[in-house]
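Asker: Mind folding the following:
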Amino acid sequence: MKLLFIGDVVGQPGRRVIARQLPRLRERLHLDLVVANAENIADGAGVTPKTAAELFNAGVDVLTNGNHAWDKKEAIEYIKAEPRLLRPHNYPDGTPGTGWYVAETAKGKVGILNVMGSVFMHPHLACPFTTADRVLAAKPEDVKMVLVDLHAEVTSEKMGMGWYLDGRVSAVVGTHTHVPTADERILPKGTGYLTDVGMTGCYESVIGMDIEKSLTRLVQ
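Answerer: Numbering: from 1, shown residues only. Below you'll find the model as predicted:
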């Protein structure tokens, strides 16, 4: 199984590089599944049907999400209709969409779980750890591989999730900060782990955003 996870895709620059590079990567690396975090694909915050379609057409199979899931009003109806576009699964019952999807691949079924952290994140959602427990308890037996995207601010919460799910899922990857970490590892019971995948966006920026506008907000 060859799975590619793409960190937070930011705006048009992020979408453009995926459209240019992903088709050849899929072919060259013989990828079975591509998952990308899409919460920043529309003008840096949120998802629209048009921007999601760009990534699907480029070869992304499943899109995960985060705290910007609802920033674009079009997302509400789209998430209801498009099961491949996830939102954090620990939103309250009755929230449109889901954070769990099972992808069919040539190498078998892969479950993708999207949850959001509780520490320093808004809105404050249900515990991502117990949410993961419930999903895994109900997981069909023929789903042998599970990827977890924990969209969270705090490194300790992400590391905790890695250890909590070690041996129960295939991989736990963190998103949200847009800054990649260099702590990729295989945990003792076989789960792959990375605290933060980083972003796909403009390098000369402040986490993908315009430098001057960011400084205007930051400098008081």
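Asker: Please count neighbours and contacts with C-alpha atoms only from this point.
Answerer: Will do.
Asker: Next SSE downstream of the lengthiest helix in the chain?
Answerer: The residue-count maximum for a helix in the chain (DSSP state H) belongs to helix 11-29. Helices and strands here follow DSSP states H and E; after helix 11-29, the next one along the chain is strand 33-37.
Asker: Residues contacting that next one, please?
Answerer: Where contact means C-alpha atoms under 8 Å, 6 or more residues apart in numbering, the residues beyond strand 33-37 that reach it are 2-9, 59-65, 105, 175.
Asker: and that strand, which strands flank it?
Answerer: Next to strand 33-37 in the sheet, as set by DSSP bridges, lie strand 3-6 (parallel), strand 62-64 (parallel).
Asker: Highest mean neighbour count out of those?
Answerer: Among the strands paired with strand 33-37, strand 62-64 has the highest mean neighbour count (mean count of other C-alpha atoms under 10 Å), at a mean of 26.
Asker: Report the distance from it to the chain centre.
Answerer: Taking C-alpha atoms, centre = their mean, to the nearest Å, one finds the center of strand 62-64 at 6 Å from the center of the full chain.
Asker: cool, stretch 23-34 as well?
Answerer: Relative to the mean C-alpha coordinate of its chain, stretch 23-34 is positioned 18 Å out (C-alpha atoms, centre = their mean).
Asker: What residues of that stretch count as buried?
Answerer: Arg26, Asp32, Leu33, Val34 (16 or more other C-alpha atoms under 10 Å).
Asker: Also stretch 202-212?
Answerer: Cys202, Ile207, Gly208, Met209.
Asker: cool, stretch 114-123 as well?
Answerer: By neighbour count, with 16+ other C-alpha under 10 Å as the criterion, the buried positions of stretch 114-123 are Asn114, Val115, Met116, Gly117, Ser118.
Asker: Among the residues you listed, which lie within strands?
Answerer: With strands identified by DSSP state E, the entries of the buried residues of stretch 114-123 that belong to them are Asn114, Val115, Met116.
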